[in-house]
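> coords please:
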Amino acid sequence: MKKNKISLAACISAALLAPTAQAGLFDDATTTLRYANYPWTGDTKDSASGIPTYKEGEWVHALEVKYHSGYFNDVIGFDYGIYGVDTISTKSDATRTQNIDGVNDEGHGGTNLAYLKSKFQLGDWDLRAGYGKKRRAFETYEDFNYRIVEATTVGADISLSRDDLSLYATVIDKASRRNQDNFGGDLKTFLGETIDNISVFGLKYQPSKAWTFKAEHLEAKDYIKRDFLGVNYNYPLNDTQSLNLDGRFGTMKDAGDLFERVPLGQYANDPDGLDASFNELALTFKDKELGYYATLWRTDVNGDDFNRILFTEDHGWWASRTQLWQWSGLEGETSYGVKAGIDFSKHNIPGLSLHATAVRSNSAEGYDDFSRQEFRTVAMYKFQQPVLKGLSVVWLHIDHEAEGTPDGIRRTGTGAGPTALAQGDADRIYINYVKKF
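Below you'll find the predicted structure:
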């Protein structure tokens, strides 16, 4: 589409002019140029039975420019960013896409950052506030950033922090998916009702280097509410090795008249409302000198399914290590996971790291002969040569299998949303070049 091609060209022109524009703004401003190239493939496993099938095949690239000003009079500033996405090719038999809106989408472009920011010093406290469009991340909600362009929300933020304590609040009322070029659309339920806003209130308390406590509350007004509690303890074994114990507890409940108490496709129907919770305990061993780590964890889900999204354009989020291709978040599902990795810069190969994750669960309410497992590997290389500084390549391989027979009472299908039963393999390559001016 000609419009989209122009958007990418305009983005390139802005990138070339960015250093000149920067020179006329604040001395401590920064401009970031990012070029991304993502070839992705994926397919349903041949052994999939009774599971929705899919086929992926897309090759997309993008250019993004973000400008972060300093603060005028050390009080007020702004951030602005634009992007352009262009489709290089897609497979003719692809049934879904991740970085573009369908196989016929030639690309799109727009504004993904437009934010007015301010800061004040109140004795020992640092006060910051802002309003606009940007990517946001919390324990109870996060704008999606695993695609070539990140999802964003529009709203207001405020935080108050000192050395050991941080308090924060955010209210958002519009959102854009990662493959949409609108400035922000209304937040909608599955029945088309408008959600006025989503509010988040939280705190982080770190009384020492060893202990960290977190608490957060979110409410999609009159629709769904979430709570999160977390505690983290880091115990040094010696100068280079440590143990880290991490505990998390989260809830998700209905919050008013907008919550659907009627069938929603194959979501677990909740005529009596929603009341789900999860708890997770993880232990991590790290060796900084040798550059490796290993994490073991267990996640339990109780009550209802922990799988509802906050609005129809939401990709879904929960603060669990099983935030993988599909979540182990069904009622009664207990999953066990392990993740290990090594930084080869500690072994005379600077820039290279490898990571592997395995998660498995064996039972869930409403399914007979249920099992779910995922194996994934990540290889990452950050180029060290001066001429290639800022260039990185990541290869991600995913192998996911889930199966189960609905009991016809609690379940009538394989589910929907981020906890649905699925099977498939996927290979994704992320090529990014980032340059700061």
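> How many residues are close by Lys134?
Using other C-beta atoms under 10 Å as the criterion, Lys134 is surrounded by 21 other residues. C-beta here means a position set from N, CA and C on the backbone, and glycine is covered the same way.
> switch to numbering from 14
All right, first residue 14 from here; so that's Lys147.
> who's in contact with it?
Counting by C-beta atoms under 8 Å, 6 or more residues apart in numbering, Lys147 makes contact with Asp92, Asn125, Leu126, Ala127, Tyr128, Thr165, Thr166.
> how about a cut-off of 10 Å?
79, 92, 94, 125-128, 130, 156, 163, 165-168, 170 (C-beta atoms under 10 Å, 6 or more residues apart in numbering).
> residues of stretch 308-318 that come out buried?
When burial is assessed from 16 or more other C-beta atoms under 10 Å, stretch 308-318 yields the following buried residues: Thr308, Trp310, Thr312, Val314, Asn315, Gly316, Asp317, Asp318.
> which SSE is the second one in?
Taking DSSP states H and E as the definition, Trp310 sits inside strand 305-316.
> Paired strands for that strand, with orientation please.
Within its sheet, and counting by DSSP bridges, strand 305-316 is paired with strand 288-300 (antiparallel), strand 347-356 (antiparallel).
> Give the buried residues for the longest one.
Pointing back at strand 288-300 there. In strand 288-300, counting by 16+ other C-beta under 10 Å, buried: Ala289, Ser290, Phe291, Asn292, Glu293, Ala295, Thr297, Lys299, Asp300.
> any idea how far the closest residue in space to Ala353 that isn't next to it in sequence lies from Asn257?
What sits nearest to Ala353 in space, not counting adjacent residues and going by C-beta to C-beta, 6 or more residues apart in numbering, is Ala307, at 4.3 Å. Spatial separation of Ala307 from Asn257 under the definition C-beta to C-beta, to the nearest Å is 11 Å.
> if I look at the two, which residues touch both of them?
Common neighbours of Ala307 and Asn257, counting by C-beta under 10 Å, 6+ apart, are Leu296, Thr297, Phe298, Lys299.
> re earlier: tell me the buried residues within the contacts of Lys147.
Of all these considered here, the ones buried according to neighbour count by 16+ other C-beta under 10 Å are 79, 92, 94, 125-128, 130, 156, 163, 165-168, 170.
> what sits against Tyr305?
Counting by C-beta under 10 Å, 6+ apart, Tyr305 touches Phe298, Lys299, Ala353, Gly354, Ile355, Asp356, Phe357, Lys359, His360, Ser366, Leu367.
> Adding mean pLDDT and distance to Arg389, write the strands paired with strand 305-316 out as a markdown table.
Converted to a markdown table, those look like this (pLDDT from 0 to 100; distance: least, C-beta to C-beta, whole Å):
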| stretch | mean pLDDT | distance to Arg389 |
| --- | --- | --- |
| strand 288-300 | 97 | 17 |
| strand 347-356 | 98 | 9 |
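> closest to Ile422 out of the ones you listed?
With C-beta to C-beta as the criterion, Ile422 lies closest to strand 288-300 of the strands paired with strand 305-316, at 18.6 Å.
> Roughly how far does the residue nearest to Ala353 sit from Lys359?
Note on Ala307: its distance to Lys359, by C-beta to C-beta, is 15 Å.
> same question, Thr165
For Thr165 relative to Lys359 (C-beta to C-beta), the value is 37 Å.
> Check Leu250 too.
As it turns out, when the distance is counted by C-beta to C-beta, Leu250 lies 17 Å from Lys359.
> Which one's more surrounded, these two?
Taking neighbours as other C-beta under 10 Å, Leu250 and Lys359 compare with Lys359 leading, 15 against 11.
> secondary structure class for Lys359?
Under the three-state scheme (DSSP: H, G, I helix; E, B strand; the rest coil), the conformation of Lys359 reads as helix.
> Which helix or strand contains Asn257?
Secondary structure from DSSP H and E places Asn257 in strand 254-267.
> Please name the strands paired to that strand in the sheet, noting orientation.
Strand partners for strand 254-267, identified by DSSP bridges, are recorded as strand 237-249 (antiparallel), strand 288-300 (antiparallel).
> how about low-confidence regions in the stretch 214-363 of the chain?
278-282 (pLDDT under 70).
> so how far is the host helix or strand of Gly123 from its chain's centroid?
Using DSSP H and E, Gly123 sits in strand 120-135. A distance of 19 Å separates the centroid of the chain from that of strand 120-135, by C-alpha atoms, centre = their mean, to the nearest Å.
> Ok, stretch 300-314 next?
The chain centroid and the centroid of stretch 300-314 are separated by 20 Å under C-alpha atoms, centre = their mean.
> if I look at Gln386, how far off is Asn158?
With the distance defined as C-beta to C-beta, Gln386 ends up 26 Å from Asn158.
> and those two? which has more neighbours close in?
More neighbours sit around Gln386 than around the other of Gln386 and Asn158, counting by other C-beta under 10 Å; the figures are 17 against 13.
> Chain neighbours aside, what residue packs nearest to that one?
For Gln386, the nearest residue in space outside its immediate sequence neighbours is Arg373; the separation is 4.2 Å by C-beta to C-beta, 6+ apart.
> What's the local residue count around the one you found?
Going by other C-beta under 10 Å, the residues that sit close to Arg373 add up to 16.
> That one: helix or strand, and which one exactly?
Assigning secondary structure by DSSP H and E places Arg373 in strand 365-374.
> Relative to that strand, what are the paired strands and their orientations?
The strands beside strand 365-374 in its sheet (DSSP bridges) come out as strand 347-356 (antiparallel), strand 380-395 (antiparallel).
> who's in contact with stretch 174-181?
Under C-beta under 10 Å, 6+ apart, the answer for stretch 174-181 is 135-141, 151, 170-173, 213-221, 224-227, 229.
> List the buried residues for stretch 387-406?
Per 16+ other C-beta under 10 Å, stretch 387-406 contains these buried residues: Glu387, Arg389, Val391, Met393, Tyr394, Lys395, Leu404, Val406.
> Make a markdown table out of those residues and add distance to Asn112 and pLDDT.
Converted to a markdown table, those look like this (distance: C-beta to C-beta, whole Å; pLDDT from 0 to 100):
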| residue | distance to Asn112 | pLDDT |
| --- | --- | --- |
| Glu387 | 21 | 96 |
| Arg389 | 19 | 97 |
| Val391 | 18 | 98 |
| Met393 | 19 | 98 |
| Tyr394 | 21 | 98 |
| Lys395 | 22 | 97 |
| Leu404 | 20 | 98 |
| Val406 | 17 | 98 |
